[in-house]
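> mind looking at a prediction? Sequence and model below.
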Amino acid sequence: MNFRSLAFRLAVGYALLLSATFALVGTGMYFALGHYVRSGLSDSLRRRSLQVQQILREAPPGVSDAQIADAIATRVAPEFNNRFVRITRAPATLVYRSGRPADHSFASASIAALAGPWPARSSARRVATPDGPVMVSATVTDTRSGRYLVELGASLEPIELVEDRLLGLLGLLLPVLVACAAGGGYLLVQRALRPVEQMSRTAEQISVQSLDARLPVVPTGDALQELSLSLNHMLGRLRDSVHSSRRFLADASHELRTPLTVVKGELQEIVRDAQCPASLRDRVGSTLEEVARLERLVAGLLVLSRLDAGDAQREWVDVQLGELAASTVEQMRLVAEDRGVELDATGLRPLTVRGDRGRLKQVIVNLLDNAIKFTPRGGTVTLRTEQQPRIAVLEVRDTGIGIPPDALPQVFERFFRADAARARDDAEGGAGLGLSIVHAICTAHGAEIDVDSAPGAGSRFRLRFPRPPSLPLAGSTHRSASLSAAPVAETPSAVAPIAPGRPTDGAQ
Ligand code: ADP
């Protein structure tokens, strides 16, 4: 459980508030009930006391104590009514004391006499006896036969028992109620926050590539709905601005191509002119190299802007990646030989992926180009394919100079070059867009690319393509006859290497 979550903190706050409320209500209820039943008992004692006082007032002067006792025993019957009656004549003569009540709830003899002076007004007190507590009311009455203290009592035990039970019940119910309320509150808050979670999940998935996606709008009519609407409007504005900057980049690179071609043509004319002095020819030659670099840069930017616009998904077909790689190797073999680098394509097997053939070829060309460029004479560049159950793997490995560890995380970033001086031929020094184009094409194809490299130990670029849904899984025992008879066998063990020297692909 996350103790810092909003749901948890709200539930704790809610539980504390509820505990305080329940404790207040419980205590109030306990004391109110005690007060109510005690005042009921003391009222009933007062009424009986009036009856006794009346007997005393009606008694003629000189009446004997026995006659008074007789009258009380007959008319009030304290033992039968489970009451205590004691009559004391001033100053301290015990006239009458009732016996043990019928329910045996207390022993009358154990109820201590009123200590101190007699009260001016009728009052009630609690007297503890060995059998249990008793409430005793005391009233002073003046009659013709003298001054009397009339004490009436009843057991408090049933009342205190009810109070104890109530206290026990409250003590038991309070934690249960608080736990239920806190748990319920936690679940309710979590439920209330579900739309927010849904919004954040959708927001997680929104990237520059999917700016058309929108957050779910929760029809709550409150701040949450307003928030989702505002965020959606913001996403709309972001999409418009990203689209317009992509359009600008695409238009700018497109527009730059024509003047560059014209400049290049003009410069080539100057170089070809026989009357051109040698010093000028040299300077124009190096300007031409810069123009060529600029051309590559503009071409790269154009490709990237088209990929950003989702161009790669337009012409998807099943592409025989193994064959495409083999033909590309053959096309680049001359360049490699020129540089004393051997190209090894014996590890290429038939392999099908779904995608844009031209773009996939560009991936292989860029990776091969880098591998050849950064591998010293006598080195080898190896291409290999591998069919795994759910993915198709293409690997380009070289024995070149490798990439420094601190540069590895950035090699797929746009305009990143680990070190321009590392290219063997400066004219070949790229603009740092080759691998970002590879990355963008892979992303568009749902493929993952990673690189393993160490300085001096060569580099390995590994591409993992998702398997086309139209093909059965490798190793499946339910291959259809037509597929198992197809020329492109997909189980690695069953495939022969692709023969070199296949017809070249013209899609470069
Ligand atoms: P560039 O067009 O400059 O080659 P890339 O995006 O293709 O740009 O590559 C970026 C950087 O990654 C290069 O400048 C180079 O330093 C490094 N790099 C790429 N591939 C390799 C490789 N096979 N061996 C060594 N370094 C490489």
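It's in. Remember, predicted model here, so these are calculated numbers, not experimental data. Numbering: from 1, shown residues only.

> on the three-state scheme, the residue of the chain found nearest the ligand is what?
In the chain, the residue that lies nearest the ligand is residue 430 (1.9 Å; C-beta to the nearest ligand atom). Glycine gets a C-beta too; all of them are placed from N, C-alpha and C. Assigned by DSSP: H, G, I helix; E, B strand; the rest coil, the conformation of residue 430 is coil.

> surely it and residue 416 touch.
No: Residue 430 lies out of contact with residue 416 (C-beta atoms under 8 Å); the separation is 10.3 Å.

> for those two, work out which one has more neighbours and name it.
Applying other C-beta atoms under 10 Å to residue 430 and residue 416 shows that residue 430 carries more neighbours, namely 19 against 14.

> and the more buried one, how far is that from residue 295?
Noted for residue 430: a distance of 12 Å to residue 295, by C-beta to C-beta, to the nearest Å.

> so what sits against both of the two?
Common contact partners of residue 430 and residue 295 (C-beta atoms under 8 Å, 6 or more residues apart in numbering): none.

> run through the protein and note the low-pLDDT ranges.
Counting by pLDDT under 70, the chain has low-confidence residues at 1, 209, 311-314, 419-429, 469-508.

> what about 80?
The chain contains residues with pLDDT under 80 at 1-7, 62, 207-210, 218, 220, 308-315, 418-431, 468-508.

> can you pull out the helices in the stretch 401-508 of the chain?
Here the stretch 401-508 of the chain has its helices, by DSSP state H, counting those that start in this stretch, at 434-444, 481-484.

> rebuild those helices as TSV, extending it with distance to residue 315 and mean neighbour count.
Output for the helices of the stretch 401-508 of the chain, formatted as TSV (distance: least, C-beta to C-beta, whole Å; neighbours: other C-beta atoms under 10 Å):
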stretch	distance to residue 315	mean neighbour count
helix 434-444	12	22
helix 481-484	24	10
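
> can I get those helices in a markdown table with distance to the ligand?
Below are these laid out as a markdown table (distance: least, C-beta to the nearest ligand atom, whole Å):
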| stretch | distance to the ligand |
| --- | --- |
| helix 434-444 | 3 |
| helix 481-484 | 36 |
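
> of those helices, give the one that comes closest to residue 248.
helix 434-444 (17.8 Å; C-beta to C-beta).

> and that closest one, what does it pack onto?
Packed against helix 434-444 by the contact rule (3 or more C-beta pairs under 8 Å, 6 or more residues apart in numbering; DSSP states H and E) you find helix 278-308, helix 357-373, strand 448-454.

> now the angle from that helix to strand 448-454?
Calculated by axes from the mean of the first three to the mean of the last three C-alpha atoms, to 10 degrees, helix 434-444 forms an angle of 150 degrees with strand 448-454.

> and the contacts of helix 434-444?
209, 300, 303-304, 307-308, 310, 312-313, 355-356, 359-360, 362-363, 366-367, 369-370, 411-416, 448-449, 461, 463.

> how far is the helix or strand containing residue 239 from where the chain is centred?
Per DSSP states H and E, residue 239 falls inside helix 223-272. In terms of C-alpha atoms, centre = their mean, to the nearest Å, the centre of helix 223-272 is set 36 Å apart from its chain centre.

> before we move on, what about stretch 54-72?
With C-alpha atoms, centre = their mean, you get 87 Å for stretch 54-72.

> now for the chain: which strand has the highest residue count?
What stands out as the longest strand in the chain, according to DSSP state E, is strand 132-143.

> work out the sheet partners of that strand and label each with its direction, please.
strand 123-129 (antiparallel), strand 146-155 (antiparallel) (DSSP bridges).

> would you turn these into JSON lines with mean neighbour count?
As requested, the strands paired with strand 132-143 are exported to JSON lines (neighbours: other C-beta atoms under 10 Å):
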{"stretch": "strand 123-129", "mean neighbour count": "15"}
{"stretch": "strand 146-155", "mean neighbour count": "23"}
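
> could I get those in JSON lines, plus columns for distance to residue 238?
What follows is these, written out as JSON lines (distance: least, C-beta to C-beta, whole Å):
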{"stretch": "strand 123-129", "distance to residue 238": "78"}
{"stretch": "strand 146-155", "distance to residue 238": "82"}
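
> turn these into JSON lines, including distance to the ligand.
Shown next, in JSON lines, are these (distance: least, C-beta to the nearest ligand atom, whole Å):
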{"stretch": "strand 123-129", "distance to the ligand": "94"}
{"stretch": "strand 146-155", "distance to the ligand": "98"}
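
> quick one: closest of the ones you listed to residue 94.
strand 146-155 (10.0 Å).

> residues in contact with the closest one?
Contact with strand 146-155 is made by 41, 44-46, 48-49, 52-53, 56, 82-90, 95, 101, 103, 105-106, 111, 114, 118, 127, 132-142, as judged by C-beta under 8 Å, 6+ apart.

> and the stretch 351-500 of the chain, which residues reach the ligand?
Proximity of the stretch 351-500 of the chain to the ligand, by C-beta under 6 Å from any ligand atom, involves residues 370-371, 374, 398, 400-403, 411, 416-419, 422, 430-436, 459.

> scan this protein for its longest helix.
helix 6-58 (DSSP state H).

> can you name every helix or strand that that one contacts?
Judged by 3+ C-beta pairs under 8 Å, 6+ apart, the packing partners of helix 6-58 are helix 65-75, strand 83-89, strand 132-143, strand 146-155, helix 157-205.
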